[in-house]
Structures are given as C-alpha cells and as structure tokens.
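[1] Pasting the sequence and the predicted model now:
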Amino acid sequence: MTAATLTTGWFLENAWLIPIIPAIGFVLIIALGKRLPAKGSEIGIASIGASLVLAIGATYQWIDRVSSAGGGEYAGPISGVFGFARSIFPSASEAGTETYVEPVIKSWTWWQSGGLEFGFGQHIDGLAIMLLLLVTFISLLVQIFSTEYVSGDRRYTHFFAALTLFSAGMLVMVLAENMIQLILGWEIMGLCSFMLIGHWWEEQANSRAALKAFFTVRVGDVGLLVGTAIIFFGANQWAVDNGSNGFSIQAISGWALSGEASDSVLLWGGVALFIAAIGKSGQFPLHTWLPDAMAGPTPVSSLLHSSTMVVAGVFLVARLYPVFFIGFDIGSTNINLIAVIGGITVIAAAALAFVQSDIKKVLAYSTVSQLGYMMLGLGVGAWLPAVFHIFTHAFFKCCLFLAAGSISHSGSHHSFDMKKDMGGLWRKMPITAGTWMISTAALCGIPFFSGFFSKDEIIDNAHNNGYNLFYYVGLIGAAMTAAYMTRATYLTFFGTPRGAAAGEHHDDAHDDAHGAAHAAGHDTHDDHGHDTNDAHGHDAHGHDAHGHDDHGAHGPHESPWRITAPLVILAVLAIGSGYLNAPAVGTHYFTDWVEPVGAAVVTDEYSSDGYGGDDHSESAALGFAAPMAEEGYSEGCGYTTPEAGTICYAPKLNHAKFTWGKAAPSILLVAFGILASAWMCMGVFGGRRNPFAGLTSKFAPARWGHTFLVNKYYLDHLYERVIVRAVAHPIAAAAYWVNQNILDGVVNGVGRSGRRTGEWVYRNVDQRVVDGAVNASGLVASESGHAAQSIQSGRVNQYGALLFGAATVGAIVLILVNI
Amino acid sequence: MYAVNFLLLGAVMFGLGVFGVLARRNAVAVLMSIELILNAVNVNLIAFALMNNSAEGHVFALYVIAVAAAEVGVGLAMVLMIYRNRRSIALDELSTMRG
Amino acid sequence: MIAADVNVAQNVGFYIIAAIMVYAGLRVVSTRNVVHAALWLVTVLGGVAAQYVLAAAEFVAVSQVMVYIGAVMVLFLFGIMLTRATIGAEGDLNNRNWAMGIPVALALVGVMAWVIIDEYGSSTIAEPETVMPTEAISDIYLREGLVPFLALSFVLLAAAIGAIVLARKD
C-alpha cells in the first residue's frame, strides 16, 4: 500500500476555536445578558451555533482526511441494498488495507516548570470529531428548548450562562490534547453540573442533590488525578524520547502499545482512571448521584445527565483505550474490571427503574443502565459499538428527557409523577407521544431504530470476543430495558388520565401536591421551582392569580414549537443516526470515520514532520489485514510489540460480523419484555385483573424485593448514614477534641510559658543583668573618673611634671625606635 | 673645641630648668626656671650654628630671646594679677581649676 | 685632650664658665630666697653670654646681655618686689612633691646626654675664621626671615599691650 498524503483544512487546524467561542459567550452572558432583549439566551444560542458550524466544517474535513488516507469506501445507496442482502448471510471478510489516520494535533505551551510543559491544544481524531459534533448539536437543541421551558425563571440569564459554560467545558475536554486539559474540561463540567442541578437552590432538596452529585463525582476525581500522575510517570520517558511529554494523550497511547510500558503501571493507572469514569459516568457503585440530579431543570437533565456530561467517563476510557486494553488485558477473554462494573451497572440500574414513579428518575436509571452498556462494550473490546452507542444514545435519550419536559410543561402541570399526574396523554400531546415512542423504540433496541444498531452490536461483540457471561448480561439488560420503558410509557401515555393530566387544576390540590411534594422530599418534585412561602417570582406563572398562559385551556395540550421542534429533530435522528453504521444494510461510515485503525506508524516520517500534524504527513501501512475480520488477532498493535521504528497508537480490534441470526435472541427478548411488561402494567395499573396485581401485598419476598429496590439497594443509606456519618461524627468529634485540647492546649501553653518566661527574664535578665551592666558601667566610669581626678589637681607644677615626663617618655621611645 | 661641650651644657641647663619648673612653689621662681630652659635652648642653637657655620642659628636664638622677653612681661603681669586677687603666688594653693 | 685641631685655651675657658653656670643654675632652683634666685639667674645669663662670645656669636651675646640681663631680670626683680610681703628667706620654696622632679629631670638629662654623646661624642668644631658677622644675621632677617621678623614685632606689641591691660589697676 502506497503512502498517502493526508489532507487537512482550516476547520481541522482551527478546531481549537470550538470551545473558545462558548467560553467567550459565557463571559458575555454574565456581563451583558441581563440587559439584552432575550436576556442572554441569544448569545448562548449564537455561540453554540457558531461552534456547531465549525464542528460541521471540521467533520467534513475530517471525512476528507480519512478518505485521503485510503481508508473507507463509502457504501452508496445502491450498494447499500446489496449490502443488506449480503448481510443476511455471513460472508468472507472483505480484504483491504487500512492506514492509521493521524489526528490533527496542535499544542501550545501554557507554562513550563522544571522540564514539565503544561499546554493547551487540540487532538482531533474521529472520536473527537464525533463528540464535537454531538455536543454542539445537542447543546443547541437544548438551548432552543430552554428558551421556552425556563422562560420567566428567576435566574434565566445565569441558566444560559451555565449551559454555555458547560458546553465550553465539555468541548475543551473532548478535543483535549493532554491530560491536564482533559482534567480542566472535566472539572468545568463538574462545576456547571453543580450549578445547574442546584439552579433552584432555594429548595433544600435541590441544593442537596447538587452537593451529592458534586461530591460523588469528586470521589471519583481522586482517581483521575492519581491515574494521570501514574500514567505520566510511566509514560514520560517514552514520550520525551518521541517528542512530547507524559501528559500528551497521543504519547500515552503510543507508550501503552509500545511494549515498554510496565503492566502494573498500566493496570493501576487504568484502575485509577476507571474510578474517575465510575464517578462521572454513574457506574455502580457511584451511580447514586444521577437520579438525584434530576432535581435540576429538565434541559439540564437532557443535556448533561443523559447525552453529554455523563459520557465523559466513557469518553475517557475510549480516549485512553490502549492503556485499558493492555492494562486490563481486554484482548483476551479474561473478565476485567471495566466489563464487570459495566455489567453490574446494566442490571442494577435497570432493576431500579422498575419501581420509580417519577418519570425523570426512570430515565435517569435508564441512562445509568445504558452507560453500563457503553462501559461493558469498552470492557469486552467492542470499542466502536460502545462509541457508536454514545452517539445514538445521545439522540434518543435527549429526546426522551425533552419529551418528559414537554409533558411536565404542558401536560402534567409541572409534575413528573407518573402515577399521580399522568396517564392517557397520547391523545392530547400527539407529537410528544410520537417522539417518545420513537425514542423508546430506539432505546429498547427494536430493529431499524438506531439503538438496535448500536446496542446490539455491543452484545454481539461481547459474544464474538469470548465474553460469554457479559453476552447474557447484555441480553437480560435489553429485556429489562424494554420492560421498564413499556411500564413508563404505559403509565404516562396510556390508561386513564390521573391528576393534572385529567385537567384538575387543583388550586387546593395543587397546594396539597406542593406541600406533599416538599414534605416528602425528592422523588416527586416540582421542577417549577418556586418557593412555597410568598415570593412567587414568576412572570409567566403568577401563582396568585393562577392565570397560567400555558394552561389556558385547563388541561394537557401540546407544547409550543420551541419545544416540539427539537423533539422532532431528535426523533428523526433517533431513527436515522443508526444508519451511519448499520451492518444490516452494509454501511460502515462510522467505523471508517471514527475508529482509529490499529496499524503501526513509521516513526521517522512521523516525527520528522513535527508534532503539528501538517498536511504532508505520510504514514505507511504495514499490510495488516482488514479490520473487518472476525477472527481474533494474535499479532499486531495491541497484541505484540511494534517493530523497531514504528509506533502503534491504537490496538487492533475485532468486529463481529452482523447476521440476523445472531441478532435474533436479543430481538426476541426485547419483544418478550415489551409484551410481558405491557400485560403486567395493564394488570397492576389498569383495570384488568391478572395474577400480578397486588403481588407485593400478597407475597412477602416480592414485598421485600420491592422495598429493597425502592430504597435503591440501601446504597444511599450506606453512603450517607453509615459512611458519611461514621466519618463525620467520630472524626468530627475527634477533630474537635484535638482542636480544643491539643491545639488550643498548645497555643495556651505557649502563651502561658511565654508570659512566665517574660516575667523571669524581666526579673533576672532585665533587672539584674542588663540594668546591672548598665549601672556597673556607670559605676566604672565614675570610679575611674574619681581615680583619675587626682591627676587634675589644678597645680601647675604637676601639670608641668606630666608634660615633661611625657616628653621624656616620648623621647626615649623615639630613641629606642631609631636605634 | 669639642662639639659635645655646648650641647651637654645645654642639656644640663635644660634639666635644671625642668627641675625648677616642677619643684618650685613660687610662680616667679617657676618663670625663672623657664628662662633657664630657654637659655639652654639658645645655647644649643648657637652651638649648631657654630658647627654648621650658618647664621640661621643666630637668627633663631635672637628670636627666642625676643619672645622670651615678651613672655616674661606678660607672665609677670599675670602673676601680679593673681597676687592681687589671691594674695598669694604659691602655686600649691592656686588649684581652683582642679577636676 | 691635646689634639692638633683643638684649641685648648678655648676649652679650658669654656669649662670654667660652664662650671660657674651649672652651679649658679643649681642655686637658682634650690635657694630659699627668691631674690637670691634672681641674682643667681643673672649669673647664669651672664655665663651664657660669655659662652656666646666663645662661640663667635658676639651679636647674640650682646643682645643676650642687653635684653635678658638688662630688661628681663629687672622685670623679674620688679615682679618679685610686687608679689611678696616679706623680704628675705620665706617658707618652703619647694612644693610638696618636689622630689618627683628629680627623676624626671635626671631622666631627661640622661636621655639627651646619651643621644648627644652618641652622635657628637667624637666630633669637634672647626675654629671659625671670624666671628659671625652681623650682616649675615641681618641679611637673613631682612630677606628670608622677614615675615617672622615682622610677626615678632607684633608679638612684642601684643605682649606690651597685654601686659598693660593685665596689670593695670581698675
């Protein structure tokens, strides 16, 4: 294969502008927002829109770059049909060589200290392009949604400022060239999450949820710092030899695959980084903050806690995949930490979603479960399906959350409680219902919706790579997903309308619901966020008059265009985004464009072009087989040490070949889940009596199971009452004791001894010694004066004697000297 | 003649004059001892003038004589004043300047 | 002592006059009577003048006689007259610590004698051809030594005025 010249372009070279624009937007909103006509939202939308334009340009140029590397034939529409036909029958692997497409890497040194360089830069490869596009697009939709949803809010401007800053932070992280920048973006996101969850911090539940989110993720962030440090010390030597430093992500990837990395360094660094991913991406056991984060406004939930921020952990693992691949030995079939945690998360979260009555909590647990799928995919070596699942999941999950917001905004009078205030809404809110259904279908993995092409690939690859246990885990999780989503759909859109959905405007009942909601705490919460007491600071929702513009008709109705338009767009994408990488129809655009090819790169040419990824970088493929092969690899990047003079930046990964036969089990299980759940729901919530009605009241183990799930496995109890309190109370008491007795004792003791020393010094040293010396010197002077007084007798004769005597002495001395 | 003659003579006179300054009580006697000293110096000067055959020694000696005369005049005037004020010129008793 | 270039007669004359001078000087500082001390001083001064003549310094000798013996000693005698109530011997003319003067004087004389003998012990003075002419002295006075000469006149003026001022009765 001849060497190819990679193209680049203005958008690729200047992709670092993409996070800068929202950052500037944030500053402008803070400074000017309140004075603008749309109160700052126009700056937010404009800045994100500009970033989106840049991201689209960068995407286009990246696709050009990939094609210029000689990889990826595009399946056009005609060949797509044949591809579909072909895919029913397994066929031989398609031959073709692929070369590693070098990312566009730029870096500027921010500050240097002691040989360490800390820089800001960009590392644009397929993964970064995908997320840049995704984040900017979803951020834009959510901001448009928010202009309607939070209009009239007491902190409208700051809401948009925080949203914009969040987008900037995530974009910084996505295109981070080095770990320090990644950590920076990570932390900005954490800060914005805190600000946004606690947007209505006047209700204590919200501020507590924000703190819980922040601290739980913080526990994981320790791992991030420790992991970065471990990896740095491991990689720095190799990185410096190859032209960068131990923070650079490209260098870390190369080092991990170079064979010179110590296994234990990779393992422990990987464990530490994975702990950070557990915290940020809500894996079990640090998932407890995600459901509570639903206390924030719905746009926040849809942007941060479903599509973008929570995938940061998955992104971290995917970005530094060589570290995990080698450290956890993902290439073999041994069970590894990532797969285990991912698998547990899938099942545990799915189980919890069954007992929620708050629609946003159902979606939150669903998000946790899907994040578990992504981690599971990464853990079994299915890198591309996991990343593709990020892509598709973002669209349909964001759509589901926005639909929930639409329901609360226009259907259930700001309530999210499915059991109390929803039901039968499909008639009154058709668009919302339709988009919800489409997204649910995608989430469940029904064929031809996008989730099928991503989630099922994870399950398929788990089996293909030999992780059979996780294959079953994935299948069970798919069934459970279908089941609980059916339950949620039923409760929300079907059945008899209850509560607000029935049009009860409940002035009294509303206050009851208010009071009940605030007394009960978190689960059923009103995301309207007005204080219960007096100041109803809402322009649009003045509660005194109860003259809601929205609810003019006293009942659920469809939402305005600014809410439904994003819903429709996302629903379309929930169907269509899957086709970017649908082996069923033979398209593999996503694989071509996003997955880094596990081919070794010749170092001389690479390093001679410098680290700037300029236009004329050439890389020679070394003739490995096509990545579409199904068989396991025994040599190549990730399996053997690269040859001298070459560097591997990505491991070679298996891709399972899609056949309908292999997909059959999951399809059947999903169908079973939907039907079983529908039947149960009709029995429990609907009118039809069936054996499942009243199960928990009749059957004790069922009740125990239900209680266990309702209490979220008592994890919150463990964290807050046991761990935190065990730390807080005894340690706080001990710290207080130390403070009072030891520290204060030391201070007081020092003071006392100082005073006593001062007194002693005064008496002895000052009075006796110093004053004594002073007095003594005076005494000496006066006594010597008295003694010398006799010389001054006043008698001339004596003076003359002295004079002549001195002269004599002087003469003698002179003579003696001059002898 | 021997050079040492004059010089030794001068030295002896100087010593006598010194003794007189130190030992005498009467102020006038002290002044007279000072005259002895001055004359000793003159002898020395003339001796050296003789040895070096120059007139400068003579000049100096005449100078000394003139100044000595002036000094005696003023000194005796002071002694007279002291005598008037204190009725005594015994230097033993004139010690109000003691420290 | 008999040497070719030594004028024996001069030396003998010198020694006799020196002996008289030393004895008179001793009497000056040891007599109990102040008037006697003054008269012995006259003797000393006369002896000095004689030595000047021996040293071929006739002008200085005459000046010595005129100024010292003629004026200064008269002044001394007047001073003595005006400052004592009694004539004749009086009480102790020496002060309490007069003995301290002896070692000092002896030390001084000893040092000087030692130096003189060390340096000049063996040298002789050449016989001058003539006495020092007065022109030589006056030449110096009125040429190089003019300023001291004039200053001297000021000194004498100041002394005269000072003496008058100090001694007048007011």
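    Noted; the coordinates are in hand.
[2] From what I see, residue A:372 and residue A:477 are in contact.
    Yes: assessed by CB atoms under 8 Å, residue A:372 is found in contact with residue A:477 at 7.4 Å. Yep, even glycine has a C-beta here, placed from its N, CA and C like the rest.
[3] list the residues that contact both of these two?
    When CB atoms under 8 Å, 6 or more residues apart in numbering or on different chains defines a contact, the residues bordering residue A:372 and residue A:477 alike are A:346, A:347.
[4] So which of these two has more stuff around it?
    residue A:477 (31 against 28; other CB atoms under 10 Å in any protein chain shown).
[5] mind listing what that one touches?
    By CB under 8 Å, 6+ apart, the residues touching residue A:477 are A:346, A:347, A:350, A:369, A:372, A:373.
[6] The fourth one: which element?
    It stands for residue A:369. Assigned by DSSP states H and E, residue A:369 belongs to helix A:359-379.
[7] Downstream of that helix, the next helix or strand is which one?
    helix A:383-410.
[8] Any buried residues in that next one, and which?
    Neighbour-count burial for helix A:383-410 flags A:383-410 (criterion: 16 or more other CB atoms under 10 Å in any protein chain shown).
[9] Which strands and helices lie in contact with whichever strand or helix holds residue A:29?
    Secondary structure from DSSP H and E places residue A:29 in helix A:17-32. Helices and strands touching helix A:17-32, by 3 or more CB pairs under 8 Å, 6 or more residues apart in numbering or on different chains; DSSP states H and E, are helix A:41-68, helix A:126-149, helix A:156-174.
[10] Which of those helices has the highest mean neighbour count?
    helix A:156-174 (a mean of 27; mean count of other CB atoms under 10 Å in any protein chain shown).
[11] mind checking how far the helix or strand just after that helix is from the chain centre?
    Next along the chain after helix A:156-174, taking DSSP H and E as the criterion, comes helix A:179-197. Relative to the centre of its chain, helix A:179-197 is centred 7 Å away, using CA atoms, centre = their mean, to the nearest Å.
[12] Quick one: work out the angle between helix A:179-197 and helix A:156-174.
    Angle of helix A:179-197 versus helix A:156-174, following axes from the mean of the first three to the mean of the last three CA atoms, to 10 degrees, is 160 degrees.
[13] quick one: average pLDDT of helix A:179-197?
    Averaging pLDDT along helix A:179-197 yields 93.
[14] Report the angle between that helix and helix A:17-32.
    Using the same axes, to 10 degrees, the inter-axis angle of helix A:179-197 relative to helix A:17-32 is 40 degrees.
[15] mean confidence for the next helix or strand after helix A:179-197?
    The C-terminal neighbour of helix A:179-197 among helices and strands, as given by DSSP H and E, is helix A:204-241. For helix A:204-241, mean pLDDT rounds to 90.
[16] With stretch C:162-170 instead?
    pLDDT averaged over stretch C:162-170 gives 84.
[17] Ok, stretch C:75-93 next?
    Mean pLDDT, computed over stretch C:75-93, is 74.
[18] Any stretches of chain C with poor pLDDT?
    C:1-6, C:85-93, C:170 (pLDDT under 70).
[19] Which helix in chain B has the most residues?
    Counting by DSSP state H, the longest helix found in chain B is helix B:56-86.
[20] ok, the spatially most central residue of chain C - contacts?
    Nearest to the mean C-alpha position of chain C, by CA atoms, centre = their mean, lies residue C:45 at 5.1 Å. By CB under 8 Å, 6+ apart, the contact set of residue C:45 is B:35, B:39, C:64, C:65, C:68, C:69, C:73.
[21] Is it correct that it falls within a helix?
    Yes: Residue C:45 sits within a helix when classified using DSSP: H, G, I helix; E, B strand; the rest coil.
[22] Of all the residues in stretch A:668-677, which ones are buried?
    A:669, A:670, A:673, A:674, A:677.
[23] near chain C, from those residues?
    Near chain C, taking CB under 8 Å from any CB of the partner chain as the test, no member of these is found.
[24] Report pLDDT for the closest residue to residue A:454 other than its chain neighbours.
    Excluding the flanking residues, the one nearest residue A:454 by CB to CB, 6 or more residues apart in numbering or on different chains is residue A:389, at 4.0 Å. Reported pLDDT at residue A:389 in the predicted model: 92.
[25] which stretches of the chain have low pLDDT?
    This is for chain A. Scanning chain A for pLDDT under 70 picks out A:1-5, A:70-98, A:503-554, A:603-634, A:687-697.
[26] try chain B instead
    For chain B, the ranges with pLDDT under 70 are B:1, B:99.
[27] what's around residue A:729, how many residues?
    Residue A:729 has 10 neighbours, counted by other CB under 10 Å.
[28] before we move on, what about the one 5 residues further on?
    Taking other CB under 10 Å as the criterion, the count of residues near residue A:734 is 10.
[29] Over to residue A:796?
    18.
[30] Excluding residues flanking it in the chain, which one is nearest it?
    Using CB to CB, 6+ apart and skipping residues adjacent in sequence, the residue nearest residue A:796 is residue B:91, 5.1 Å away.
[31] any idea how far that neighbour is from residue C:39?
    For residue B:91, the distance to residue C:39 equals 22 Å [CB to CB, to the nearest Å].
[32] Give me the more crowded residue out of the two.
    Comparing residue B:91 with residue C:39 by other CB under 10 Å, the one with more neighbours is residue B:91, at 22 against 17.
[33] residues touching that one, list them.
    Counting by CB under 8 Å, 6+ apart, residue B:91 has contacts A:795, A:796, A:797, B:24, B:25, B:26, B:27, B:30, C:95.
[34] Isn't the fifth one up against residue B:90?
    Yes: the criterion here is CB under 8 Å, and residue B:25 meets it with residue B:90 at 4.9 Å.
[35] Of the two, which one has the most company?
    Just comparing residue B:25 and residue B:90: by other CB under 10 Å the higher neighbour count belongs to residue B:25, 24 against 17.
[36] That one and chain A: what is the separation?
    Computed as CB to the nearest CB, to the nearest Å, the residue B:25 to chain A distance reads 8 Å.
[37] what are the phi and psi values for that residue?
    Main-chain dihedrals, residue B:25, degrees, to the nearest 10: phi -90, psi -40.
[38] give me every residue that touches residue 58.
    Reading this off chain A. A:11, A:12, A:15, A:18, A:124, A:129, A:132.
[39] Switch to chain C, please.
    Residue C:58 sits next to C:52, C:131, C:132 when contact means CB under 8 Å, 6+ apart.
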